[in-house]
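Engineer: here is a sequence together with a model predicted from it:
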Amino acid sequence: TLTVPDTPENAAYFGRHRTARGAGAYPQVQGVYLLEVGAHAVVDAGFWPCQTSERVGARRLLRSLPPDSLLLSDRGLHEYDLVAGARARNAHVLGRLPATVKPVPARQTPLADGSWLAWLQPTDRARRAAGERVLVRIIDYTLEEPHRPGHYERHRLATTLLDPREAPALEMVVLYHERWEI
């Protein structure tokens, strides 16, 4: 969320965040960016009124996701439509799942690296009943470095890279944490 100049036009279009104490001092814009991690290059960006969900913006930016790329996303962007949309563009996803998301196991035994296959489904019941789902690999891990935020907490990643020989769990965990280097 970015602050923009306090003009009537910006306030009318972008809006202001509201709290119990009233409206924010400045209008704000919701910016969502698709960036290349290695070069830190902005591939695409979108800007919407401040109340727009970043999930809406993220889905729109899928238009610029190159085939065979890997989209790193945070746990706020874990939703089925984003994962399915990336797969529809022949791209892959690696992102964190919040504890509230319950993927459906796709097989009983874990893979060689301890990860496991599961189905992500849309939240909409009708779409779930129609059989919409996408296969992902779940990687559970715990950070054991006391100086890092989230240490000793259980974390879960979901990736559409299903083969642990091609994308080992440890490499995926390390890669996931590079998303903040942007």
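Structural biologist: It's in. Because the structure is predicted, anything quoted here is derived from the model rather than measured.

Engineer: residue ranges of the strands in this structure, please?
Structural biologist: Here the chain has its strands, by DSSP state E, at 2-3, 18-19, 22-23, 28-35, 42-49, 70-73, 92-96, 104-105, 116-120, 134-142, 154-159.

Engineer: now do stretch 137-147, average pLDDT.
Structural biologist: Mean pLDDT, stretch 137-147: 86.

Engineer: measure it end to end?
Structural biologist: 28 Å (Cα to Cα, to the nearest Å).

Engineer: now do the buried residues in that stretch.
Structural biologist: Applying a neighbour-count criterion of 16 or more other Cβ atoms under 10 Å, one finds 137-139, 141, 143 buried in stretch 137-147. The way it works is simple: take the backbone N, C-alpha and C, and place the C-beta from them, glycine included.

Engineer: need the contact partners of that stretch.
Structural biologist: Stretch 137-147 is contacted by residues 97, 103, 111, 114-118, 150-162, 164, 167, 169, 172-173 when judged by Cβ atoms under 8 Å, 6 or more residues apart in numbering.

Engineer: skipping adjacent residues, who's closest to Ala41 in space?
Structural biologist: Nearest non-adjacent residue to Ala41, counting by Cβ to Cβ, 6 or more residues apart in numbering: Leu35, 6.7 Å away.

Engineer: and that neighbour, how many neighbours?
Structural biologist: Number of residues near Leu35 (other Cβ atoms under 10 Å) recorded here: 16.
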